[in-house]
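Peer 1: 3D model of this:
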Amino acid sequence: QVQLVESGGGMVQPGRSLRLSCATSGITLSLYAIRWYRQVSGRERELVATSGIYGSAAYADSVNGRFHISRDDTKDMVYLQMNSLKQDDTAVYYCNARRRRIGVPDNDYWGQGTPVTVSS
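Peer 2: Just a heads-up that it's a prediction; the model follows:
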């Protein structure tokens with residue numbers, strides 16, 4: 001059974017930092033691209049950061065330079081370091097693991113989300 005479990009969310013003041021973790025099980029993490037998304041109630045889910053299987057990383061413009069995605073495939077863990085947090089970063093953050101192979105449906109898994117509130 002595949003599980004993705006996020007942790008590390010909470011309430012923090014603007015300008016501070018948080019590190020989110022995503023513990024994965026039931027998959028070979030090194031075969032999966034990992035993404036962090038976030039969602040505010042009533043709005044579409046937004047892609048925040050991507051970690052490719054070959055070590056590439058990409059970020060939404062809104063977080064570029066402030067957030068850093070990392071992974072430890074040996075520990076089946078994914079992280080999102082969030083620095084210089086802003087009130088606009090308030091959302092529920094979700095971890096996603098996706099594997100694409102030609103000719104077969106994607107393997108696509110989600111965590112349950114962890115809430116982040118940035119407020120003074």
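
Peer 1: now what about stretch 103-117, what contacts it?
Peer 2: By Cβ atoms under 8 Å, 6 or more residues apart in numbering, the surrounding residues in contact with stretch 103-117 are 2, 4-12, 18, 20, 22, 27, 32, 38-39, 82, 85, 89-100. In short, each C-beta sits where N, CA and C put it, glycine included.

Peer 1: Buried ones only from those residues, please, as a PyMOL command.
Peer 2: Applied in PyMOL, the following selects the buried portion of the contacts of stretch 103-117 according to 16 or more other Cβ atoms under 10 Å:
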select buried, resi 4+6+8+9+12+18+20+22+27+32+38+82+85+89+90+91+92+93+94+95+96+97+99
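
Peer 1: which other helices and strands contact whichever strand or helix holds residue 97?
Peer 2: Element membership for residue 97 (DSSP states H and E) is strand 91-99. Strand 91-99 is packed against strand 3-7, strand 18-25, strand 33-39, strand 77-82, strand 107-110, strand 114-118, with contacts defined by 3 or more Cβ pairs under 8 Å, 6 or more residues apart in numbering; DSSP states H and E.

Peer 1: For residue 117, give the beta-bridge partners.
Peer 2: residue 11 (DSSP bridges).

Peer 1: what's around it, how many residues?
Peer 2: As a burial measure, residue 117 scores 14 neighbours (other Cβ atoms under 10 Å).
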